[in-house]
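**Student:** sequence unavailable; structure follows:
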């Protein structure tokens, strides 16, 4: 007979039964995250079935016809036998299993399963009745192939699937095989009798699973976690003699993935040679002899969705496994504990491991009196303690061991003032170089948050060397750090910047460009969505245009002038960059770099692509990484200030070009638009999170900019070149836009064109789409229409402008990019 959970964890008479265990009362029922995940997965499967039957009706028709033809050749006696067996077994087997569970005192779980079956039965009956009145062509009609002769949901097996999903047959393979065999036979007879379609059976399966797991999560499953007495009994099976145990967590629902118990051992310890001195030494070693970590099976899925997201988003060498079984978790932590101790790292000694029934396992560590680093006051974190932490870390790195959770909760400070590395559950043996460097970046950030970046880097350099620290600089980015550390950095990202600065100061030739750890970024997903919306808006506008008539009506000499204005922008951008770099740069190559940046715009937002290309170009030209970033930041800062000043100035002057008056009365519409944008920006900055993000971005972008600007101010020629390039860049774009408008017979005051361009350029720089695609087109078309152009003229002018400034330079930009890469200029 199968051993039940209660039988497996029941303490032996005369052993653990008399050992007092101080722990809060366990909840009778718990909500497991695995049930919620299975519920969501089942709903997703149901939605996929609905989409398939809506868009692939021909496939479902063909599949149904093939099944009918195949079953028509089957012996009728076999089909009759299958019908007879499934009609009886599909209910008899689950009922028999429920009776067995009642005899094993698992009535609560059976009751929840019966509730799920009743809900499933009511829903399926309701859907079947609804399908009779459903209009042809709907989703239900697609499920039943355009008629009402078959049911959209198999009423007989949907409640059974819900019951099986909720009652819990995990680990009972014979019962599972018998139950699903009966369900399969019932589905087969439904197909042969034309009672249900393949799509209906698939929908039945996912609906039953969703109802079963949804009911289980809503009501809560009986708590399978073994109590503290079962933990004590498992310790006795290891040969230990516990006399008292206390739950160390604040509450049983503390949110931790593991439970912890402090255990006092009696005189009959596992090592007889130590029994005489055990009680005498306890005062010096703390209140407990052992610290026991209990791994509960239901907690193995805690945070699964987050881990899966990290696994999909980051490269495989960056993250660990998303899901581990209970046995796998036990073996991994045990192996890490033994490997870390063998490497000479100071860590609590692993005394033993054991299963606790079928739903948990334990690891018993020798208790080390002390505190977590998170609980140590700042004034007690001395340089000697930091140096000791780095020595333990160095020993771990020498053994090719990656910890992967080096937060302040994973570092303990013993009563003797020495550092211990704990919490080895996510560790990795035979780790690769990237995993070891990630550990270094994590520990640098952890210690910088507690002791300051300067002390963290100084003590690390003394223990590891400057070369090792330089290897961690490209990994000092939030995505490479643990979740708790990223949460702390959301309040202030300055520690990362200061860590980089300290390391670069020690080793100036350090490569500071961040290493690409992500397969994709959340911004990429947002860009795809934004591009889809942009295509939805722009394509209908383009489709409504007669391109041939538009080209025939265009004034080609104005189109050539627009092309000249677009070409002028690359020369201006080169002057702008050269003016803010004290070092000498060749003009021709710098112009090619700006042309290459136009190609990069298609794979990065407009405000990001040019910055990355220019920074790389300066580094390849011999400018130090920090100075290269500062130079590009200086040009961007001056460009931003100039852009805002020009927008305000020309927005105010737009009214001065009217024929009715020559005063300086501003255009009301333009002023309203400018003020509205300013108001929206101000409201956004009132949100603390937005303000922190903007401040951190600006701080990281313009760090070191002011010293670079001081260097430029000392050379008037450089300052004139930079400022002239900044203004010439705006002039080139404005001339291109104005000529594009005139090419289609339109005309606007030059001041209005300037304001329209500056506004659309600001929107495009803020948009997450490559090259500001969609955002720039929409902003330009709207602004030109408001300014007095017809919709056709505005759309035609914008398309020509974007063709010349975004699409036409792509091919030459790609050629320039490839050429510069071959010459190692990028």
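**Tutor:** Sure, I can see it. For clarity, every value in this text was computed on a predicted model and none was experimentally measured. Numbering: from 1, shown residues only.
**Student:** pLDDT on the helix or strand hosting residue 468, on average?
**Tutor:** Secondary structure assignment for residue 468, by DSSP states H and E: helix 466-472. What helix 466-472 shows for mean pLDDT is 92.
**Student:** which helices and strands does the helix or strand just after it pack with?
**Tutor:** Using DSSP H and E, the helix or strand that follows helix 466-472 in sequence is helix 483-491. Here helix 483-491 touches helix 433-451, helix 688-701, going by 3 or more Cβ pairs under 8 Å, 6 or more residues apart in numbering; DSSP states H and E. In this view, the C-beta of every residue, glycine as well, is placed from N, C-alpha and C.
**Student:** and helix 483-491, what's buried?
**Tutor:** By neighbour count with 16 or more other Cβ atoms under 10 Å, helix 483-491 contains the buried residues 485, 488, 489.
**Student:** worst average pLDDT in the helices and strands packed on helix 483-491?
**Tutor:** If the helices and strands packed on helix 483-491 are sorted by mean pLDDT, helix 688-701 sits at the bottom with a mean of 64.
**Student:** using the three-state scheme, assign residue 243.
**Tutor:** At residue 243 the chain is in strand, as set by DSSP: H, G, I helix; E, B strand; the rest coil.
**Student:** pretty sure it sits against residue 289.
**Tutor:** No: between residue 243 and residue 289 there is no contact under Cβ atoms under 8 Å: 9.4 Å.
**Student:** what do the two both touch?
**Tutor:** Residues touching both residue 243 and residue 289 by Cβ atoms under 8 Å, 6 or more residues apart in numbering: 264, 265.
**Student:** more neighbours: those two, which one.
**Tutor:** More crowded of residue 243 and residue 289, by other Cβ atoms under 10 Å: residue 289, with 23 against 15.
**Student:** the nearest residue to the more buried one once chain neighbours are set aside: neighbour count?
**Tutor:** Once flanking residues are discounted, residue 289 sits nearest to residue 265: 4.3 Å by Cβ to Cβ, 6 or more residues apart in numbering. Per other Cβ under 10 Å, the neighbour tally for residue 265 reads 23.
**Student:** for residue 265, what are its contacts?
**Tutor:** By Cβ under 8 Å, 6+ apart, the residues touching residue 265 are 240, 241, 242, 243, 278, 289, 290.
**Student:** any idea which of these is the one closest to residue 100?
**Tutor:** residue 242 (34.6 Å; Cβ to Cβ).
**Student:** just grab the bridge partners of that closest one for me.
**Tutor:** residue 265 (DSSP bridges).
**Student:** surely it meets residue 232?
**Tutor:** Yes: here residue 242 reaches residue 232: they are 5.1 Å apart, a contact under Cβ under 8 Å.
**Student:** so residue 792 versus residue 746, what's the distance?
**Tutor:** According to Cβ to Cβ, to the nearest Å, residue 792 and residue 746 sit 10 Å apart.
**Student:** actually residue 639, not the one I typed
**Tutor:** Taking Cβ to Cβ, one finds residue 639 at 28 Å from residue 746.
**Student:** do the same with residue 635
**Tutor:** 33 Å.
**Student:** between those two, which one's more packed in?
**Tutor:** residue 635 (27 against 19).
**Student:** what's the helix or strand hosting the more buried one packed up against?
**Tutor:** Taking DSSP H and E as the criterion, residue 635 maps to helix 625-653. When contacts are defined as 3+ Cβ pairs under 8 Å, 6+ apart, helix 625-653 sits against helix 494-506, helix 556-579, helix 606-620, helix 668-685, helix 705-713, helix 716-743, helix 750-766.
**Student:** among those helices, which is the most enclosed?
**Tutor:** helix 750-766 (a mean of 22; mean count of other Cβ atoms under 10 Å).
**Student:** by contact count, what packs against the helix or strand following it?
**Tutor:** For helix 750-766, the succeeding helix or strand toward the C-terminus, using DSSP H and E, is helix 775-786. Contact here means 3+ Cβ pairs under 8 Å, 6+ apart; on that basis helix 775-786 packs against helix 522-543, helix 668-685, helix 750-766, helix 791-802.
**Student:** show the average pLDDT along helix 775-786.
**Tutor:** In this model, helix 775-786 carries a mean pLDDT of 83.
**Student:** cool, and stretch 801-808?
**Tutor:** The model assigns stretch 801-808 a mean pLDDT of 86.
**Student:** for that stretch, how far is the first residue from the last?
**Tutor:** Taking Cα to Cα, to the nearest Å, stretch 801-808 runs 10 Å from one end to the other.
**Student:** buried residues, it. List them.
**Tutor:** Neighbour-count burial for stretch 801-808, with 16+ other Cβ under 10 Å as criterion, is recorded at 801, 802, 803, 804, 805, 806.
**Student:** can you list the residues that contact it?
**Tutor:** Against stretch 801-808 from outside (Cβ under 8 Å, 6+ apart): 562-563, 566, 569, 598, 601, 733, 736-737, 740, 771, 773, 776-777, 780.
**Student:** ok, now which ones touch residue 741?
**Tutor:** If a contact means Cβ under 8 Å, 6+ apart, then residue 741 has 747, 748, 753, 784, 789, 793, 797 as its contacts.
**Student:** count the neighbours of the last one for me.
**Tutor:** Pointing back at residue 797 there. 27.
**Student:** state the distance from it to residue 772.
**Tutor:** From residue 797 to residue 772 the distance is 17 Å (Cβ to Cβ).
**Student:** swap in the first one?
**Tutor:** Distance from residue 747 to residue 772, counting by Cβ to Cβ: 26 Å.
**Student:** more crowded one of the two?
**Tutor:** residue 772 (27 against 11).
**Student:** may I ask you to confirm that that one is in contact with residue 763?
**Tutor:** Yes: counting by Cβ under 8 Å, residue 772 touches residue 763, with 7.1 Å between them.
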